[in-house]
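S.K.: Structure here, sequence nowhere to be found:
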């Protein structure tokens, strides 16, 4: 009778142990997607904000006329002597959007660019040059220089990544960070966004395509911070000395003890 009770206890302990070890985790993204379903998603492009740096290049059939608006920076090469050859690197200057959302552009003066997309800024400057009879055949090229997002937590390559396109999705940013590790929580990704002096936190479920595409942070803005939380397995592995009751080593030790007791009882 005693052996039967002990056997039941051992079996129950092993079931609980194996159950804890084999707990399933949501791994696949967008698990609800079906191949016959189409969903329209409006793209949200990155726009200029205070503190951003913008490269603006004006081209024309008359280079001398265009040069009036490009303001080159003459940067002396380090380690090269100053002589008559004028050994310089030439770079086009960037414009910093001030706290009021403006840039100070040559001849045209103060231009309000906050909230404008890259092509809108180019079109705005081109129209102003033509309207004020400065450059009738102007071709304006605008690039955002210092925009980026930060990706932290359970990803393979955490860090800050530059926005090198007109729009960047959350999935794009996670891909640049090498994707989530197997220990990252896919159903509870945190995105922090600062706008107009306030900080807002959003939770995103990567396993649910509908809620993902509808999220305000599906398209990221510059300076967004993405944090992937560790799942319970990683949390258990993060104990101070590895000897916590929730650690894997504890359960392995317990299983070993139970197996030893079983052998002694039925010997």
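M.R.: Received the coordinates, thanks. It should be emphasised that the depicted structure is a prediction, and the values quoted were computed from it without experimental measurement. Numbers count the residues shown, from 1 in each chain.

S.K.: Now stretch 136-145: buried residues?
M.R.: 138, 140, 142, 144 (16 or more other C-beta atoms under 10 Å). Where C-beta positions appear, they are placed from N, C-alpha and C, glycine not excepted.

S.K.: Give me the number of neighbouring residues for residue 223.
M.R.: Using other C-beta atoms under 10 Å, residue 223 has 19 other residues around it.

S.K.: go on, residue 63?
M.R.: By the measure other C-beta under 10 Å, the count of residues near residue 63 is 9.

S.K.: can you check residue 208 too?
M.R.: Count around residue 208 with other C-beta under 10 Å applied: 19.

S.K.: What's the per-residue pLDDT of it here?
M.R.: Per-residue confidence (pLDDT) for residue 208: 88.

S.K.: Can you give me the distance of it to residue 161?
M.R.: For residue 208, the distance to residue 161 equals 24 Å [C-beta to C-beta, to the nearest Å].

S.K.: now swap in residue 101 and tell me
M.R.: Using C-beta to C-beta, we find residue 101 at a distance of 25 Å from residue 161.

S.K.: what's the answer for residue 145, then?
M.R.: In terms of C-beta to C-beta, residue 145 sits 14 Å off from residue 161.

S.K.: How much space separates residue 170 from residue 203?
M.R.: 12 Å.

S.K.: Between the two, tell me which one has more neighbours.
M.R.: Between residue 170 and residue 203, counted using other C-beta under 10 Å, residue 170 has the larger neighbour count: 23 against 13.

S.K.: returning to what we had before: I'd like the buried residues of stretch 136-145 laid out as CSV, including distance to residue 176.
M.R.: Listed next are the buried residues of stretch 136-145 as CSV, based on distance: C-beta to C-beta, whole Å:
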residue, distance to residue 176
138, 34
140, 29
142, 23
144, 16
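
S.K.: Looking at these, which are in strands?
M.R.: Counting by DSSP state E, the buried residues of stretch 136-145 place 140, 142, 144 in strands.

S.K.: low-scoring stretches of the protein, by residue?
M.R.: 1-26, 29-42, 71-93, 233-267 (pLDDT under 70).

S.K.: try 90 this time
M.R.: Across the chain, the ranges flagged by pLDDT under 90 are 1-45, 63-94, 145-146, 164-167, 183, 194-198, 207-211, 213-214, 231-267.

S.K.: doesn't residue 68 make contact with residue 107?
M.R.: Yes. With contact defined as C-beta atoms under 8 Å, residue 107 counts as touching residue 68 (6.7 Å).

S.K.: mind listing the strands for this protein?
M.R.: Counting by DSSP E, the strands of the chain are 53-59, 72-76, 88-92, 94-96, 102-105, 109-112, 139-144, 148-153, 159-162, 189-195, 198-204, 225-228.

S.K.: Can you tell me which of those strands is most buried?
M.R.: strand 225-228 (a mean of 21; mean count of other C-beta atoms under 10 Å).

S.K.: That strand: partners in the sheet, and parallel or antiparallel?
M.R.: strand 148-153 (parallel), strand 189-195 (antiparallel) (DSSP bridges).

S.K.: now for those, which one comes closest to residue 228?
M.R.: strand 148-153 (3.7 Å; C-beta to C-beta).

S.K.: what sits opposite the closest residue to residue 69 other than its chain neighbours in the beta ladder?
M.R.: In space, and not counting its chain neighbours, residue 69 is closest to residue 58: 4.1 Å by C-beta to C-beta, 6 or more residues apart in numbering. When assigned by DSSP bridges, residue 58 has beta-bridge partners residue 140.

S.K.: if I pick residue 58, what's in contact with it?
M.R.: 66, 69, 70, 125, 129, 135, 138, 139, 140 (C-beta atoms under 8 Å, 6 or more residues apart in numbering).
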